[in-house]
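Chemist: Sequence and predicted structure, then a few things I'm wondering about:
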Amino acid sequence: MFARAHRPLSHGLLRCRRFLTTTTRQAFLEPVKEHPGVTCLSLNRPETKNAISLKLLEELHGCLDHVAYDNSVRVLIVHSTTPGSFCSGADLAERRTMTYTQVHKFLSDLRSAMGKLENLPVPTIAAIDGPALGGGLELSLACDLRVVGHNVKAIGLTETRLGIIPGAGGTQRITRLLGLSKAKDLVFTARLLNAPQALNYGLVDYVSDEGSSAFDRSLQLAQEIAVNAPLALKAAKQAISRAPELALESGLDFERASYEPLLKTRDRVEALEAFKQKRKPVFRGE
């Protein structure tokens, strides 16, 4: 998990680069120039509140492939290009035109995309500035942290209203996040939560202040993270993500195995020198 490697750009990575020059892109990467190391994965289907189409899903895969091997990315923010929006779930209008086989392929590809997002080696933040429904909430659950706008009123796994269940990891990730009872409550009822309720449930980690957006708060959080050592962040994410599946002693062994390589890094030496000189360290991910 989380391993980076230096290799030639794959087809997916080249495809993602093309997103930066096409006007029809539905998902694309955009570095935040004012904040080095912070990159946005932007969802861009405003007419459908970023419903997940076949095209958006394909482009999402390309972006995630790119981030997995781009050492300049230290924190990734998933957000909408449209204010007051996040992701309304699968594109049901498109779904009605798909064959049974095509639906199965779509679900497989969606599951794969969620796995890629969850297993990225960098910290990820979902900036939820509008409805996060069904697959949209599942997308945020695949991120490490979730920030919601203070005025958002519709967050939930609504699939049982449509005769199905969450099919992109929702039943599994929400249970790991909230526990059995709360997960069953939200999935069985298909209840929609507002921002304060979602925070109270533990479904999100932060609510933006009045007058600011989830993206604003996510950017602030990303800055707090991005100043830290990239290799240490990678190792920390790796160790924490494995914790639920390991017994304590095995987890401690894995933590030690993640810790020890950091002792030989240039960033570790820089941190000690900066502490000695009473200045901020300059980390390079080396």
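Modeler: Perfect, I can see it now.

Chemist: Ala127 belongs to a helix?
Modeler: No: Ala127 is assigned strand when assessed by DSSP: H, G, I helix; E, B strand; the rest coil, not a helix.

Chemist: now it, which residues is it bridged with?
Modeler: Val147 (DSSP bridges).

Chemist: is it true that it touches Thr81?
Modeler: No: in this structure, Ala127 is not within contact of Thr81 by CB atoms under 8 Å, at 11.3 Å. The way it works is simple: take the backbone N, C-alpha and C, and place the C-beta from them, glycine included.

Chemist: Counting neighbours, go ahead and name the busier of these two.
Modeler: Set Ala127 next to Thr81 and count neighbours by other CB atoms under 10 Å: Ala127 wins out with 28 against 17.

Chemist: and the gap between the more buried one and Asp216?
Modeler: 9 Å (CB to CB, to the nearest Å).

Chemist: Then Pro131?
Modeler: Distance from Pro131 to Asp216, by CB to CB: 19 Å.

Chemist: Could you check how many residues crowd around Leu120?
Modeler: Around Leu120 there are 22 residues (other CB under 10 Å).

Chemist: Look at it and tell me its secondary structure.
Modeler: Leu120 ends up coil, using three-state DSSP.

Chemist: got a list of what it touches?
Modeler: Phe2, Leu64, Val67, Ala68, Leu76 (CB atoms under 8 Å, 6 or more residues apart in numbering).

Chemist: From those, keep the buried residues only.
Modeler: By neighbour count, with 16 or more other CB atoms under 10 Å, the contacts of Leu120 hold Phe2, Leu64, Val67, Ala68, Leu76 as buried.

Chemist: thought the second one was touching Gly115?
Modeler: No: under the criterion of CB under 8 Å, Leu64 is not in contact with Gly115, lying 9.4 Å apart.

Chemist: if we can go back for a sec, so between Pro131 and Asp216, which is more surrounded?
Modeler: Using other CB under 10 Å as the criterion, Pro131 and Asp216 rank with Pro131 on top: 23 against 16.

Chemist: can you tell me which residues contact the more buried one?
Modeler: Lys49, Ser85, Phe86, Cys87, Ser88, Val152, Lys153, Ala154, Ile155.

Chemist: quick one: which two of those residues are the most distant?
Modeler: By the measure CB to CB, the contacts of Pro131 have their two most distant members at Cys87 and Lys153, which lie 15.2 Å apart.

Chemist: Compare these two (neighbour count), which wins?
Modeler: Remark: of Cys87 and Lys153, Cys87 carries more neighbours, 29 against 12, as counted by other CB under 10 Å.

Chemist: which phi and psi does the closest residue to the more buried one other than its chain neighbours have?
Modeler: Leaving aside its chain neighbours, Cys87 sits nearest to Gly136 (3.0 Å; criterion: CB to CB, 6 or more residues apart in numbering). With angles defined as degrees, to the nearest 10, Gly136 sits at phi -70, psi -40.

Chemist: All the strands of the stretch 51-200 of the chain, residue numbers only.
Modeler: Here the stretch 51-200 of the chain has its strands, by DSSP state E, counting those that start in this stretch, at 75-80, 124-128, 132-133, 145-148, 155-156.
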